[in-house]
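Undergrad: sequence unknown, structure follows:
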């Protein structure tokens, strides 16, 4: 019998976990040819999430858990789950039930029978999502797909089931600042996409603020393209061209009014100063990531787990 591990990242999901457990069991009970393990990764929750997970683990042997020492983020939770999963197939599903467990049997068929390496969900709509978030998300994927060699499906979700070799490739990537949607695309493999209607959370509140999404977008862009480093070069050419025009215009204006030429000089200085500061800012963002990577700090710290030590791949 082939084994399947479903990784479930959790951060303050106490309200929805009982519903999730019931729904996942309903679906997996209909797949008798597979041996399922539910691996909950508690990402430093401040509510009753860890207690609920432990309670589930006490009465169900197939429930495993990893608890972090603090909140490290969903990226760290997914990485920890993949490192500790030792099954034939590894899946990732959100705890909030916005990902429908009903897709799991079809995804398993794709990777086990149809020969695909990955079965992944992609949004067929953005119903229930704020208009601002939808617009910003769409623009982000338009930008990163234009400037990066790694093409990312703009509707791709983390909800997926992967073969062992795919997960091995993903966890072999050593970076600590991780953008999984880019990593999933970068490693390649044969992917079957499943259109998935956007669903409301079954309970609780979203953990993604505009600030967190903006940081996530910056990590994605800087992690998968060096194109922003070329911006100072382009701005330098523009600045030189503008300076020549201003010089010519200033000579003409100086003949008419000293005050006007003084204003133009001030505008030119401010313009060039702005370009320099923007260039330093871009370089600083990349340098900060180099600094973070060279420290080689762990992506997460585990405080408690019931996963057998032999399956850990730190």
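TA: That came through, no problem. Small disclaimer: the values here were computed from a predicted structure and weren't measured. Numbering: from 1, shown residues only.
Undergrad: and the contacts of the helix or strand harbouring residue 193?
TA: Element membership for residue 193, per DSSP states H and E: strand 191-196. Residues from elsewhere that reach strand 191-196, judged by C-beta atoms under 8 Å, 6 or more residues apart in numbering: 99-100, 103, 106-107, 110, 114, 116-124, 153, 156-157, 159. C-beta here means a position set from N, CA and C on the backbone, and glycine is covered the same way.
Undergrad: what bridges to the residue lying closest to residue 160 once chain neighbours are set aside?
TA: Closest residue to residue 160 apart from its sequence neighbours, by C-beta to C-beta, 6 or more residues apart in numbering: residue 120 at 3.8 Å. Beta-bridge partners for residue 120, by DSSP bridges, are residue 160, residue 193.
Undergrad: can you count the residues close to residue 71?
TA: 17 (other C-beta atoms under 10 Å).
Undergrad: which residues touch it?
TA: Residue 71 is in contact with 11, 43-45, counting by C-beta under 8 Å, 6+ apart.
Undergrad: hmm, try it at 6 Å
TA: 43-44 (C-beta atoms under 6 Å, 6 or more residues apart in numbering).
Undergrad: so it, which of the three states?
TA: coil (DSSP: H, G, I helix; E, B strand; the rest coil).
Undergrad: likewise for the one 5 residues further on?
TA: In terms of secondary structure, residue 76 is helix; the call rests on three-state DSSP.
Undergrad: what's the separation between it and residue 300?
TA: Using C-beta to C-beta, to the nearest Å, residue 76 is found at 4 Å from residue 300.
Undergrad: who's in contact with stretch 77-95?
TA: 2-10, 13, 20, 39, 41, 43, 66, 99, 111, 158-162, 164, 167, 171, 180, 299-300, 307, 311-313.
Undergrad: restricted to helices, list those.
TA: In this view, the contacts of stretch 77-95 that belong to helices under DSSP state H are 20, 111, 164, 167, 171, 180.
Undergrad: where along this protein do the strands fall?
TA: Assigned by DSSP state E, the chain shows strands spanning 2-10, 34-42, 63-68, 89-92, 118-123, 156-163, 191-196, 302-305.
Undergrad: please identify the deepest-packed of those.
TA: strand 89-92 (a mean of 26; mean count of other C-beta atoms under 10 Å).
Undergrad: that one pairs with which strands, and in what direction?
TA: strand 2-10 (parallel), strand 156-163 (antiparallel).
Undergrad: worst mean pLDDT among those strands?
TA: Comparing mean pLDDT over those, the weakest stretch is strand 156-163, at a mean of 86.
Undergrad: that one to strand 191-196, inter-axis angle?
TA: 130 degrees (axes from the mean of the first three to the mean of the last three C-alpha atoms, to 10 degrees).
Undergrad: for the stretch 1-150 of the chain, what are the low-confidence residue spans?
TA: Counting by pLDDT under 70, the ranges of the stretch 1-150 of the chain that qualify are 124-150.
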